[in-house]
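Kindly return the folded structure for what I paste below:
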Amino acid sequence: MAQETKENKWNVFLSAFARVMREFGSSLLRGLKKVFSNGKTIVGFSILAFFILVAIFGPMIFPYDSNTDMANSYLMPSLKHPFGTDWLGRDVFRQVIAGTGSVLEIAFYSAIFTVVLGTVLGIVSGYLGGWVDKIIMSVTNIFLSIPSFPIYLLLAAIVTINTPVSLAVIISIWSWAGLCRSIRVQIMSLKERDFIQICTVMHMSKAHIIFKELMPNVFSYIAINFVMAMRNAIMASVGIMLVGLAAYDPTNWGAIINAARTKGLMNVKNIYILLYPLVCIIVFQIATLVLANGLDETLNPRLKVL
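Numbers count the residues shown, from 1 in each chain. Below you'll find the predicted structure:
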């Protein structure tokens, strides 16, 4: 009898789990179909997907050799060296390919840290209110009132940066405040809506209200800010590397630009070398802006044409 009861509970659990997964899969497919119905979203995502594929498979197809070959320094672009070689005879094309992974890691980790921190604090501040809101907003205002880049430089000078994660942490420490304030405003507006008031009257748990009612209504804004956080992280990391405070990876696009700059831009060949990673950065920036704009047009109901 006990065995049958245990089996019944297990079957009920499996049935409920299967139902939840079917609903999740159906919702995900509907969401993806909706998102990719926008041309800007498709273009932006395609470019970012290209960078991701380059980061994953590029080093396998075009392995980077860091050994110097002074006899072949400053070679012009050719079939063997599509972007030419640098002052040490290293292939610039393979450097850019090898550095793509590092750049995307910094962007992804920084966006994760920024969005998680900003979203959690924004929801807590907006939903709980009172003294919790006052404390969080006081801290947020301090972070927003001080320019971020000088803080990045200060932190980078104090903390040893030897991995993409450590650089991402430094960038995200001062990047969450704007998102936090925006999420707070939206949560404060949403919690006055009728459906939230009904949940409160029905004594539903705060966890249910936050995760089942509030979060779905701010998810689109979080997704857009995730993309923009990636964009901002790239710019911040390049700026930090341009002053030589994060030289842990010489193939990172920012490190390549900094190395070419320090070698002297009076030499036209150094300008050619820094142009390649600079173009990659510009294309990445444009892709994130286009993707964010497409997501906003798709997911923001206020922008829909009636």
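
Run a quick check on Ala223 versus Gly294, I expect a contact.
No: if you go by CB atoms under 8 Å, Ala223 and Gly294 don't touch, sitting 11.0 Å apart. In this view, the C-beta of every residue, glycine as well, is placed from N, C-alpha and C.

Give me the more crowded residue out of these two.
The neighbour count for Ala223 versus Gly294, taken as other CB atoms under 10 Å, is higher for Gly294 (23 against 19).

In contact with the more buried one: list those residues for me.
Taking CB atoms under 8 Å, 6 or more residues apart in numbering, we find Gly294 in contact with 35, 38-44.

In a markdown table, list the residues you listed along with pLDDT and secondary structure.
Output for the contacts of Gly294, formatted as a markdown table (pLDDT from 0 to 100; DSSP: H, G, I helix; E, B strand; the rest coil):
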| residue | pLDDT | secondary structure |
| --- | --- | --- |
| Val35 | 64 | helix |
| Asn38 | 78 | coil |
| Gly39 | 80 | helix |
| Lys40 | 86 | helix |
| Thr41 | 87 | helix |
| Ile42 | 89 | helix |
| Val43 | 90 | helix |
| Gly44 | 90 | helix |
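
Can you tell me which of those are buried?
35, 38, 40-41, 44 (16 or more other CB atoms under 10 Å).

Quick one: those residues as TSV, columns for distance to Val103 too.
Formatted as TSV, these follow (distance: CB to CB, whole Å):
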residue	distance to Val103
Val35	24
Asn38	26
Lys40	23
Thr41	22
Gly44	17
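
which element is Ile151 on?
helix 148-158 (DSSP states H and E).

contacting residues around whatever helix or strand comes next after that helix?
Next helix or strand after helix 148-158 toward the C-terminus (DSSP H and E): helix 164-173. Residues from elsewhere that reach helix 164-173, judged by CB under 8 Å, 6+ apart: 102, 105-106, 108-110, 112-114, 117, 151-152, 155-156, 159-161, 229, 232-233, 236-237, 240, 246, 248-249.
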